[in-house]
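>>> Provided below are the primary sequence and the corresponding predicted coordinates.
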Amino acid sequence: MPQDLHAIVSRRIDELADELLTVSHSIHANPELAFKEHHAARTLVAALQAQGIEARTGVYTLETAIEADLITQGSGPRVAILAEYDALPGIGHSCGHNLIATSALGATLGLQTVANKLPGNVRFLGTPAEERGGGKELMARAGAFKGIDAAMMIHPAGMNMASMPCICVAEVKVIYHGRSAHASAMPHKGLNALDALLLAYQAISNLRQHIRSTERIHGIITEGGLAPNIVPERTVGEFYVRAANAKALAALKPRVQACFEAGAMGTGCTVDIQWAGVDYLDLNTNWPLADRFQAHAEALGRTFVPKEQLIGAPSGSTDMGNVSYLVPSIHPMVASAPTNVVIHHPDFAKWAGSEMGDRAAIDGAKSLALTALDYLLSPDLQQESTRAFKLSRGLA
């Protein structure tokens, strides 16, 4: 029976391909920043409701968050299929979140066709603000993952990987306050807030020589002054601090904080250091589920990077890492662009709206749906997944 259900689910996703890709292209053409994904949320809700699935927005404290449950006959475990749909400033969907949303939608609609045969439950969760703000963590704090037994999503990339190499990240905004003065006539009257920020920036550049290879610090100046002949009285910078795990991140943050404070002390300015309320954690991949996803994607003709090559690979960050420490989770990468095109590059946005991106969305939907189906139908996989999760958390 499982193979029959696999075929039914895959066939349904193929039948819905045109509608799914219309959703993808609409979200792609209307990029929206974190917490402001109103068009994307409306588009996804409309697609769910068109298939008779009740969808709720404004859930778990976030206006553009979505929740929708399939009506099943089972009382077994619940799988959450996650969608992201925020974009990046200036470069749109160069992270391909339109494909993430479409694959989650397609997986949910595919599973809908066999809902009356599922011994468990499926929940679609639309999770805003992945690029910044930590939407999943905010939703988790509001109870979004209570009662969830496994969570899964895909992410576009330049290659197929069963897991995303991932490290922690903390965001920080720093604001320096000085005193304005005429830069030529009365420079001695001023306190230069730009000097303060540049001192801090240089201190961080020096710090980079003495951190681990798994750690990163990078930032930009978003406000640097008003005119060359005015001593800047206010400057603003935004920085990301990354580390391999939460313990290492907690140790690195005070060192960065000291660099910001040094900039203020060295110039006589004051500083307001605003650490974000959410740190992104590293990804605790549930390998029994990730291996199952890879097998389904390989059956569609995809070739994956060997698991051992993922160790030490270039790393990003995602708030799915936070979810992965709450429930067994997977975050595989699906090739949506050539290998030389990296995410967060403007060229990746073009591929996210291309035929290659379209294929990734459909293949991702099928692989997610079949992995969820396997989990719901197999008590052995459920136990294996739970055991692996407990071992990874030191709970067993």
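Noted; the coordinates are in hand. Numbering: from 1, shown residues only.

>>> elements contacting the helix-or-strand element of the chain with minimal mean pLDDT?
Least confident element among the helices and strands of the chain, by mean pLDDT, DSSP states H and E: helix 2-15 (a mean of 93). Counting contacts by 3 or more Cβ pairs under 8 Å, 6 or more residues apart in numbering; DSSP states H and E, helix 2-15 packs against helix 97-112, helix 355-377. C-beta here means a position set from N, CA and C on the backbone, and glycine is covered the same way.

>>> CA-only coordinates of that helix, as PDB, when you get a sec.
The C-alpha trace of helix 2-15 is given here as PDB (Å, rounded to 0.1, in the frame of the first residue of the first chain):
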ATOM      1  CA  PRO A   2       2.700   2.600   0.700                       C
ATOM      2  CA  GLN A   3       4.000   2.400  -2.900                       C
ATOM      3  CA  ASP A   4       0.400   3.000  -4.100                       C
ATOM      4  CA  LEU A   5       0.100   6.000  -1.900                       C
ATOM      5  CA  HIS A   6       3.500   7.300  -3.100                       C
ATOM      6  CA  ALA A   7       2.200   7.100  -6.700                       C
ATOM      7  CA  ILE A   8      -1.100   8.900  -5.900                       C
ATOM      8  CA  VAL A   9       0.700  11.700  -4.100                       C
ATOM      9  CA  SER A  10       3.300  12.200  -6.800                       C
ATOM     10  CA  ARG A  11       0.700  12.100  -9.500                       C
ATOM     11  CA  ARG A  12      -1.400  14.800  -7.700                       C
ATOM     12  CA  ILE A  13       1.600  17.100  -7.500                       C
ATOM     13  CA  ASP A  14       2.100  16.700 -11.200                       C
ATOM     14  CA  GLU A  15      -1.500  17.500 -11.900                       C
END
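
>>> Go ahead and name everything in contact with whichever helix or strand comes after that helix.
Reading on from helix 2-15 to the C-terminus, the next helix or strand found by DSSP states H and E is helix 17-29. Here helix 17-29 makes contact (Cβ atoms under 8 Å, 6 or more residues apart in numbering) with 13, 39-40, 43-44, 47, 50, 85, 92-93, 97-99, 101-102, 105-106, 109, 349, 352-353, 357-358, 361-362, 365.

>>> picking up where we left off before, format the helices and strands packed on helix 2-15 as JSON lines; extra columns: distance to Leu249.
Putting the helices and strands packed on helix 2-15 into JSON lines (distance: least, Cβ to Cβ, whole Å) gives the following:
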{"stretch": "helix 97-112", "distance to Leu249": "24"}
{"stretch": "helix 355-377", "distance to Leu249": "29"}
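
>>> Deepest in the core, which of the ones you listed is it.
Mean neighbour count (mean count of other Cβ atoms under 10 Å) peaks for helix 97-112 among those, with a mean of 29.

>>> CA-only coordinates of that helix in CSV, if you can.
Only the C-alpha atoms of helix 97-112 are listed here, as CSV (Å, rounded to 0.1, in the frame of the first residue of the first chain):
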residue,chain,number,x,y,z
HIS,A,97,12.1,31.5,-1.0
ASN,A,98,9.4,31.4,-3.6
LEU,A,99,10.5,27.8,-4.3
ILE,A,100,10.5,26.9,-0.6
ALA,A,101,6.9,28.2,-0.3
THR,A,102,5.8,26.4,-3.5
SER,A,103,7.4,23.1,-2.5
ALA,A,104,5.7,23.2,0.9
LEU,A,105,2.4,24.0,-0.7
GLY,A,106,2.8,21.2,-3.3
ALA,A,107,3.7,18.7,-0.6
THR,A,108,0.7,19.6,1.4
LEU,A,109,-1.7,19.4,-1.5
GLY,A,110,-0.2,16.1,-2.6
LEU,A,111,-0.8,14.6,0.8
GLN,A,112,-4.3,15.9,0.8
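
>>> Just the angle for that helix relative to helix 17-29, thanks.
With axes from the mean of the first three to the mean of the last three Cα atoms, to 10 degrees defining the directions, helix 97-112 sits at 150 degrees from helix 17-29.

>>> ranges for the strands of the protein?
55-57, 66-69, 78-83, 121-126, 150-152, 155-157, 168-177, 216-223, 234-243, 270-275, 329-330, 333-335 (DSSP state E).

>>> Direction included, what does the fourth one pair up with?
Looking at strand 121-126 with DSSP bridges, its paired strands and their directions are strand 66-69 (antiparallel), strand 78-83 (parallel).
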